[in-house]
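> Got a predicted model here, sequence first, then my questions.
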Amino acid sequence: MPTTTTPADLYRHGLRLLLAKDIPGWVGLWADEGVMEFPFAPPAWPERLDGREAIAAYMRGYPDHIDLHDFPDVRIHESTDPGTIVVEMRGVGRLVATDSPFDMRYIAVVTVQDGRFTSYRDYWNPLAVQVSGADFTGSGAR
């Protein structure tokens with residue numbers, strides 16, 4: 001993505017890559033020292049990932065566990081910082097291990113610098129990972 005890409009454009013591009021199950025492409029949107037945080041992470045799940053390599057390791061098995069079909073209801077809000085957006089969205093699909101539906105709402109605070117994600121605070125519902133087949137992190141959680 002060119003450095004003139006807006007944070008909203010970069011985010012939407014990232015969603016398309018996730019739907020295409022192109023995890024390396026999605027990870028490629030990150031700055032080398034990018035940080036991904038999960039303020040509501042349940043026990044045994046990571047609260048913070050430092051650097052592109054850690055983010056890549058975390059996301060590597062995602063498509064083997066969660067088969068995303070769509071991100072309906074994406075709303076992107078600009079902030080007073082032109083590099084930061086707040087995103088409300090829903091991810092829907094299925095849990096691969098059980099073939100049961102996956103439907104999660106998210107709020108994310110995302111910062112972009114020089115056309116790359118530098119910070120991503122993901123406020124997702126930790127109760128959703130208590131179902132069988134939802135653990136794609138290797139944490140050993142259900």
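Structure received. Numbering: from 1, shown residues only.
> How about the secondary structure of residue 40?
coil (DSSP: H, G, I helix; E, B strand; the rest coil).
> does it really touch residue 126, like I thought?
Yes - taking C-beta atoms under 8 Å as the contact criterion, residue 40 and residue 126 are neighbours in contact, 5.1 Å apart. Every C-beta, even on glycine, is put in place using the N, C-alpha and C of the backbone.
> Now do the shared contacts for these two.
Any residue near both residue 40 and residue 126 by C-beta atoms under 8 Å, 6 or more residues apart in numbering counts here, and not one turns up.
> Check which residues of stretch 14-23 are buried.
Of the residues in stretch 14-23, 14-15, 17-18, 23 count as buried by neighbour count, 16 or more other C-beta atoms under 10 Å.
> now the end-to-end length of it.
From its first residue to its last, stretch 14-23 covers 9 Å (C-alpha to C-alpha, to the nearest Å).
> can you check stretch 35-48 too?
With C-alpha to C-alpha as the measure, stretch 35-48 spans 7 Å from end to end.
> do stretch 35-49 as well
6 Å.
> how distant is it from the center of its chain?
Between the centre of stretch 35-49 and the centre of its host chain there is 12 Å, according to C-alpha atoms, centre = their mean, to the nearest Å.
> what's the answer for stretch 62-78, then?
Here the centre of mass of C-alpha atoms in stretch 62-78, compared against the chain's by C-alpha atoms, centre = their mean, lies 8 Å away.
> mind listing which of the buried residues of stretch 14-23 are in helices?
With helices identified by DSSP state H, the entries of the buried residues of stretch 14-23 that belong to them are 14-15, 17-18, 23.
> which one of these sits closest to residue 105?
residue 15 (14.5 Å; C-beta to C-beta).
> Apart from its chain neighbours, what residue comes closest to that closest one?
Closest residue to residue 15 in three dimensions, ignoring its sequence neighbours and counting by C-beta to C-beta, 6 or more residues apart in numbering: residue 71, at 5.0 Å.
> That concludes my questions; thank you for your assistance.
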